[in-house]
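Participant: Need the 3D shape of this:
(2 chains)
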Amino acid sequence: MHLAYPAVLSALLFCTGLYGVLARRNAILVLMSVELMLNAVNLNLVAFDVWLSRAAEETLHSGQALTLFTIAIAAAEIGIGLAIVLAVHRNRGTADIDKLRDTAEGHEPDGPDSDTSDSDTPATGTAAEKAEATA
Amino acid sequence: MTTTTLAVLVPLLPFLGAAAGLLLGRSAPGFVRPLAVLPTLAALVLAAVVAARQGGGPALDAVTELTPTGSVPVELALHIDGFAALVAVLVGTVAACVQIYSTGYLRDDPRYASYAALVSLFTSAMFLVVYSGDLMVLLVGWEVMGICSYFLVGHYWETPEARAASLKAFLVTKLGDVPFLIGLLALATETGSFRITRILAAVADGSLGHPTVIALLLLAGVAGKSAQFPLHTWLPDAMAGPTPVSALIHAATMVAAGVYFVARLLPLFEASRAAMVVLAVMAAVTMVGSALAALAQDDIKRVLAYSTIGQLGYMTGALATGDRGAAVFHLLAHGAFKALLFLAAGVVIHAAGTNSLAAMSRMRGLRDRVPDAYWTMTVALLALAAIPPFSGFFSKESVLGAAEHVATGHTEHAPGAAGWTVLVAGLIAAVLTAAYATRLWLLAFRGRGAEAPDHGRQPVVMNAVLWVLAIPSLALGGLAFRLLPDWFDGHDLTPTLATSVLGTGVALVGGIVTYAAWRHTSALAVRTPLGAVAAHPEGDAALVESEAIATHRPAYGDLASAPDPSDPGRLLLGPVHRHAAAGFHLDAVYTTLFVRPVRAGASLVRFLDREVVDTYVRAAGGLPRLLGAAVRRAQTGNVQTYVSALLAGTVVLAVAAVLVATGA
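Facilitator: Next comes the predicted model:
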């Protein structure tokens, strides 16, 4: 197989992922787009490893080995990422990235009043969320 | 031990005593008094042994160079001639007396340990100045004395007067010390040595290029240290220090250092006729002005301070006529009787509870409370007024005799104008000296009014010291004027008939006129009650004195004078009294001429610093802050914006890398 096919496919995958990261609002979809980009990289690693080891006398297939590492790390990353998203959603009632602007310059942290008023809605919302998450 | 070893030990012992006193002052208070008194006494004994071995013979010189110091060598040199040996004995005597007196005077003082150590350090520095044969080493002692004077004048630093006085003393003497240092360096550059013997040899060769400039520069330092016009203003204010300090530093020793310095280098000053005339005019103005001011002061110690300035004027007058024997003779006699006057004044202030003569003149029986101080002070005042046969008579007559000798043109080394100036001013000052001495005695001991307060017995050590010092005040002059020429230059110090009769006559006139004025005015004393007394029957003398100083201005409206119509000085001086009491407004003149411009300059500098320099500093901080505010706007909190910026940056970098790699 010519190297162009996997290269183009991975480029397409990466661009899709990049678009998703830059344009999607839902944090979960952003995480999924990150996975797409990671997998584009994995595809590249495998394809180039094969292409390079074809000419070599002796090879360790380090590209493919690195792919395994990437998959493992990606699994861990998505687990942690989803956990964070869940926690944020439980806390704020939303996973919309545009609304999570706490790190903006000049942002005032929420006072104790808004905390107490918020604490009820997530409590009722958590059940629905959990249902959503398990569904 | 050789004489050299003994002479080295003389300044060293008080120095070690001072160091040990400072170190042990807090941990072992029991050792403080022995450590203060014993090294000074030992130094006195050694100085006396050195003087006996030197015996007025040829000068003893010993040199060692610790390390080469560049162009002009600085050497640890001793130069002990008759002058040095005798002045050292005087310094040792007065220092030992003052240390013993202080154990009684400041017996309850919490800062006695540091006080005694500083007095020891001062004594050591003064010995160094006296014995040193190298001008740089002399300067070290000179400056150590200055800093000790600063600390000791400020001993009662709780009172604002003492704080101001210590700063003033330090600054005014430093004002003279800067030209002094420049003069020393110029002298060393011209002669190639700091050694006194080599400098005097160079002067004798006539190889000195600019004697007038150097002599005038050195005179500035001498005027500052010896409190001569126009740098004398610090000395009356320095009386805010404890009385023993006034006796040691501001009467007998440190202020005489300037005179002693000129006496050592007299041939250098004689090489310049202009310097001698300046010295004579300085002495004349100082003598007459200070005597007038002394007649108007109310604080007993300020009277004595102005008197010290005047007597130092006599010494510089003698130097201006080229007779250092007479100058040092008067230095020795004056050191003894003026130290006695101050120490007795300390006893009187303690007994009366005030330092104001106006308040003392309204007390009956003060002399019965302090009989020792009364008798010794009478002796010292007679010596001050130069009444024969007290010591001041002989020394003052030797000064007047030297002036008359020069004035009548018997010598070529000093200008005749200097002789006339000193002689006329000396005679006028003799009248005034007798007048203020009489006024002091009458007001302090012949008061009428309420009974003097009872402060209990004075400590024995204080009274004993007074009698010790009374002996030289009484007898030094008469015994010494025949012996001293062998120790000095060989000039005859015997009083001549003309000046003796004239000097004693005018002194008697001054005294009698003051007595008549006092008889006339003392009746007024009863009509105007006056007086503030700090009564501390349990407290030591230092406490009483510091309170007396602190209360003088609130009680009488002024530090120097009191509104007392019964003061004979007021009658004698007439319209001049107001100006004399304020020291002829010299302080006000200095305030206008120097203090205000300096303050104005300081506020200008403050303006430039706050408004101009700080603007640059604030701008240097403000500009990055503005830039930061602009950059902070990018901090939106939207992660996707950040990632977009990251992507754009990566693309730019990648393109750049590709372009570089392809060599485009």
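Participant: Residue nearest the middle of chain A, spatially speaking?
Facilitator: Central residue of chain A (Cα atoms, centre = their mean): residue A:31, 2.4 Å from the mean position.
Participant: Excluding chain neighbours, what is closest to residue 16?
Facilitator: Using chain A. In space, and not counting its chain neighbours, residue A:16 is closest to residue A:36: 5.6 Å by Cβ to Cβ, 6 or more residues apart in numbering or on different chains. Glycine gets a C-beta too; all of them are placed from N, C-alpha and C.
Participant: try chain B instead
Facilitator: residue B:39 is the one closest to residue B:16 (Cβ to Cβ, 6+ apart), at 6.5 Å.
Participant: Who are the contact partners of that neighbour?
Facilitator: If you count contacts by Cβ atoms under 8 Å, 6 or more residues apart in numbering or on different chains, residue B:39 has them with B:13, B:14, B:16, B:17, B:120.
Participant: Now do the contacts for the second one.
Facilitator: So that's residue B:14. Neighbouring residues of residue B:14 by Cβ under 8 Å, 6+ apart: B:39, B:40, B:43, B:95, B:120, B:121, B:123, B:124, B:127.
Participant: let's go with 10 Å and repeat that
Facilitator: The contact partners of residue B:14, by Cβ atoms under 10 Å, 6 or more residues apart in numbering or on different chains, come to B:21, B:36, B:39-44, B:91-92, B:95-96, B:99, B:117, B:119-128.
Participant: Next: the last one.
Facilitator: When contacts are counted by Cβ under 10 Å, 6+ apart, residue B:120 is found next to B:13-22, B:35-37, B:39-40, B:43, B:95, B:99, B:148.
Participant: Next, see if the longest helix seen in chain A gets close to chain B.
Facilitator: Determined from DSSP state H, the single longest helix within chain A is helix A:62-92. No - where contact is defined by Cβ under 10 Å from any Cβ of the partner chain, no part of helix A:62-92 touches chain B; the two come within 12.2 Å at best.
Participant: What residues does chain B have near chain A?
Facilitator: Selection of chain B residues close to chain A by Cβ under 10 Å from any Cβ yields B:629, B:631-644, B:647.
Participant: picking up where we left off before, tell me which element the residue nearest to residue B:16 falls in.
Facilitator: Taking DSSP states H and E as the criterion, residue B:39 maps to helix B:32-54.
Participant: After that helix, which helix or strand is next?
Facilitator: Next helix or strand after helix B:32-54 toward the C-terminus (DSSP H and E): strand B:60-64.
Participant: Could you give the average pLDDT over stretch B:586-593?
Facilitator: When pLDDT is averaged over stretch B:586-593, the result is 86.
Participant: err, stretch B:400-409, not the other one
Facilitator: 83.
Participant: again with stretch B:433-447
Facilitator: Mean pLDDT, computed over stretch B:433-447, is 88.
Participant: can you pull the buried residues of it?
Facilitator: For stretch B:433-447, the neighbour count (16 or more other Cβ atoms under 10 Å in any protein chain shown) marks B:433-445, B:447 as buried.
Participant: Can you lay out those residues as CSV showing secondary structure?
Facilitator: Shown next, in CSV, are the buried residues of stretch B:433-447 (DSSP: H, G, I helix; E, B strand; the rest coil):
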residue, secondary structure
B:433, helix
B:434, helix
B:435, helix
B:436, helix
B:437, helix
B:438, helix
B:439, helix
B:440, helix
B:441, helix
B:442, helix
B:443, helix
B:444, helix
B:445, helix
B:447, coil
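Participant: which one of these sits closest to residue B:331?
Facilitator: Among those, residue B:433 lies closest to residue B:331 (Cβ to Cβ), at 16.3 Å.
Participant: Please list all residues in contact with the closest one.
Facilitator: Going by Cβ under 10 Å, 6+ apart, residue B:433 touches B:287, B:290-291, B:294-295, B:307, B:310-311, B:314, B:381, B:384-386, B:392, B:396, B:426, B:506-507, B:510-511.
Participant: mind running it again at 6 Å?
Facilitator: B:291, B:385 (Cβ atoms under 6 Å, 6 or more residues apart in numbering or on different chains).
Participant: just residue B:77 next, same as before
Facilitator: Contacts of residue B:77 by Cβ under 6 Å, 6+ apart are B:63, B:133, B:134, B:195.
Participant: State the distance from the second one to chain A.
Facilitator: Right, the one you point to is residue B:133. According to Cβ to the nearest Cβ, to the nearest Å, residue B:133 stands 76 Å off from chain A.
Participant: List phi and psi for the spatially most distant residue from the centre of chain A.
Facilitator: What lies farthest from the middle of chain A is residue A:57; by Cα atoms, centre = their mean that is 37.9 Å. For residue A:57, the backbone dihedrals (degrees, to the nearest 10) come out as phi -70, psi -40.
Participant: Could you do residue B:447 as well?
Facilitator: Main-chain dihedrals, residue B:447, degrees, to the nearest 10: phi -70, psi 160.
Participant: Next: residue B:109.
Facilitator: Backbone torsions for residue B:109, taken as degrees, to the nearest 10, come to phi -80, psi 130.
Participant: Any regions of the chain where pLDDT drops low?
Facilitator: This is for chain A. For chain A, the stretches flagged by pLDDT under 70 are A:106-135.
Participant: think we crossed wires, I meant chain B
Facilitator: The model of chain B has pLDDT under 70 over residues B:410, B:412-413, B:455-456, B:525-539, B:557, B:559, B:664.
Participant: In it, mark out all the strands, start to finish.
Facilitator: Taking DSSP state E as the test, the strands found in chain B are B:60-64, B:76-80, B:363-364, B:450-451.
Participant: related to what we said a few turns ago, between the contacts of residue B:77, which is closest to chain A?
Facilitator: Nearest to chain A, judged by Cβ to the nearest Cβ, of the contacts of residue B:77 is residue B:134 at 71.3 Å.
Participant: so who does the closest one touch?
Facilitator: B:75, B:77, B:194, B:195 are the contacts of residue B:134 under Cβ under 6 Å, 6+ apart.
Participant: how about 10 Å then?
Facilitator: If you count contacts by Cβ under 10 Å, 6+ apart, residue B:134 has them with B:63, B:65, B:73-79, B:140, B:193-198.
Participant: Can you show me the helices along chain A?
Facilitator: Secondary structure of chain A (DSSP H): helices at A:4-23, A:27-55, A:62-92, A:112-134.
Participant: winner for burial among the ones you listed?
Facilitator: Mean neighbour count (mean count of other Cβ atoms under 10 Å in any protein chain shown) peaks for helix A:27-55 among the helices of chain A, with a mean of 17.
Participant: relative to helix A:4-23, how tilted is that one?
Facilitator: In terms of direction (axes from the mean of the first three to the mean of the last three Cα atoms, to 10 degrees), helix A:27-55 departs from helix A:4-23 by 160 degrees.
Participant: Which strands and helices lie in contact with helix A:27-55?
Facilitator: The contact analysis (3 or more Cβ pairs under 10 Å, 6 or more residues apart in numbering or on different chains; DSSP states H and E) places helix A:27-55 against helix A:4-23, helix A:62-92, helix B:639-662.
Participant: Tell me which of these sits nearest to residue B:271.
Facilitator: helix B:639-662 (82.9 Å).
Participant: May I see the buried residues of that closest one?
Facilitator: Buried residues in helix B:639-662 (16+ other Cβ under 10 Å): B:639, B:640.
Participant: what do you get for stretch B:134-147?
Facilitator: B:134, B:135, B:136, B:137, B:138, B:139, B:141, B:142, B:143, B:144, B:145, B:146.
Participant: and the fifth one, what does it touch?
Facilitator: What that stands for is residue B:138. Contacts for residue B:138 (Cβ under 10 Å, 6+ apart) come out as B:77, B:79, B:128-132, B:184, B:194, B:196, B:257, B:260-261, B:264.
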